[in-house]
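J.: I need the structure of the sequence given here:
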Amino acid sequence: MHDTHGKAAEQHELAAHAHRTAAEHNEKGDNQAGSWHGDRALEYSVHAYRLAKEAHTKSGKMVTL
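T.: Reported below is the predicted structural model:
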């Protein structure tokens, strides 16, 4: 379970980095690179969410909204 939480955290960090990189490119007017990094950020975020959901399910602490 801890491994899954760690992997989720890593994906969240990768997503945050990709978001910052996308913002930097967009500020410089490089929208193509910004869009590419934005797409990577979304992929990392989705993967992080799935891993976190899996970890919470396994730990019996899943909260539904």
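J.: give me the element residue 9 is part of.
T.: Element membership for residue 9, per DSSP states H and E: helix 2-27.
J.: residue closest to the middle of the protein?
T.: In the chain, the residue lying closest to the centroid (CA atoms, centre = their mean) is residue 45, at 2.4 Å.
J.: And for the residue nearest to it when sequence neighbours are not counted, the neighbour number?
T.: Leaving aside its sequence neighbours, residue 45 sits nearest to residue 15 (CB to CB, 6 or more residues apart in numbering; 4.3 Å). For every residue, glycine as well, the C-beta is placed using N, CA and C. Using other CB atoms under 10 Å, residue 15 has 20 other residues around it.
J.: now swap in the one 10 residues further on and tell me
T.: A total of 18 residues lie near residue 25 under the criterion other CB under 10 Å.
J.: can you tell me which residues contact it?
T.: Applying CB atoms under 8 Å, 6 or more residues apart in numbering to residue 25 gives the contacts 31, 33-34, 37.
J.: Give me the ChimeraX select line for the residues you listed, limited to the buried ones.
T.: To isolate the buried members of the contacts of residue 25 in ChimeraX, using 16 or more other CB atoms under 10 Å:
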select :34,37
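J.: Just after the helix holding residue 9, pick out the following helix or strand.
T.: Next along the chain after helix 2-27, taking DSSP H and E as the criterion, comes helix 31-59.
J.: Against residue 45, how distant is residue 34?
T.: Applying CB to CB, to the nearest Å, the value for residue 34 to residue 45 is 16 Å.
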